[in-house]
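Chemist: Only the shape, not the letters, is given here:
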């Protein structure tokens, strides 16, 4: 999260949050924050949670899909290419069982089941959201068939691979020569996102946040008739 966001970013965050908390008033709502690795999904979710108490009385709760990775033995059982990442990285059954279904049913949720760094199960304390809470679920590949019907609205956080790949690599200290999207080290993630774009093209998001310039994002409404839903790059 930016410690001191620009005035332009602060205004866009406010505009987006107002749209988010208007979804399903007086009852629980689930918002998907979708986008490629390195685009800024986790930062956006945290920014919205921090901003929420100054804007709305609704509780805003955040959960990341990273807490629902399969163990490495499952993730890599079919190889380490783009197809294996898209098909086998995440445990969607556990996500529905621990988060999506109980949240809909008015019950408490368990925000994670697996630590991807240590490759071990985790057992965090359950969270009991308010009856009219908004759940922000952030992660990759959210508008996929396995999660059809899970969300009341979705935000696609977007930026070109030339931006997201260096951002994502920076988190793990990858050498600068790997920052080009076409570098073999990025084939698993870039290739999976390219596949996902094809899968999801018939299911436009509710809103698009062009996050190519973090200090000056743009909030867009998707145009279902335009290539790439009208994202200007």
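Modeler: Arrived safely, thanks for sending. All values derive from a computational prediction rather than experimental measurement.
Chemist: Buried by neighbour count: which residues of the strand or helix carrying residue 197 qualify?
Modeler: Assigned by DSSP states H and E, residue 197 belongs to helix 187-200. For helix 187-200, the neighbour count (16 or more other C-beta atoms under 10 Å) marks 188, 189, 190, 191, 192, 193, 195, 196, 200 as buried. Backbone N, C-alpha and C define where each C-beta goes, glycine included.
Chemist: Show me the helices in the protein, by range?
Modeler: For the chain, applying DSSP state H gives helices covering 7-21, 41-51, 72-75, 82-88, 92-95, 101-104, 161-171, 187-200.
Chemist: For the protein, give me the ranges with low pLDDT.
Modeler: Residue ranges of the chain with pLDDT under 70: 1-3, 233.
Chemist: swap the cut-off to 80 and go again
Modeler: Counting by pLDDT under 80, the low-confidence segments of the chain come to 1-3, 225, 227-230, 232-233.
Chemist: what about the residue of the chain most remote from its centre, distance to residue 183?
Modeler: Computed with C-alpha atoms, centre = their mean, the maximum C-alpha offset from the centroid of the chain is found at residue 177, amounting to 26.7 Å. According to C-beta to C-beta, to the nearest Å, residue 177 stands 7 Å off from residue 183.
Chemist: highest average neighbour count across the helices of the chain?
Modeler: Among the helices of the chain, the stretch with the highest mean neighbour count (mean count of other C-beta atoms under 10 Å) is helix 41-51, at a mean of 20.
Chemist: can you list contacts of that one?
Modeler: Helix 41-51 is contacted from outside by 1-2, 5, 13-14, 16-17, 20, 33-35, 60-62, 64, 136, 138-140, 155, 157, 209, 211, 214, using C-beta atoms under 8 Å, 6 or more residues apart in numbering.
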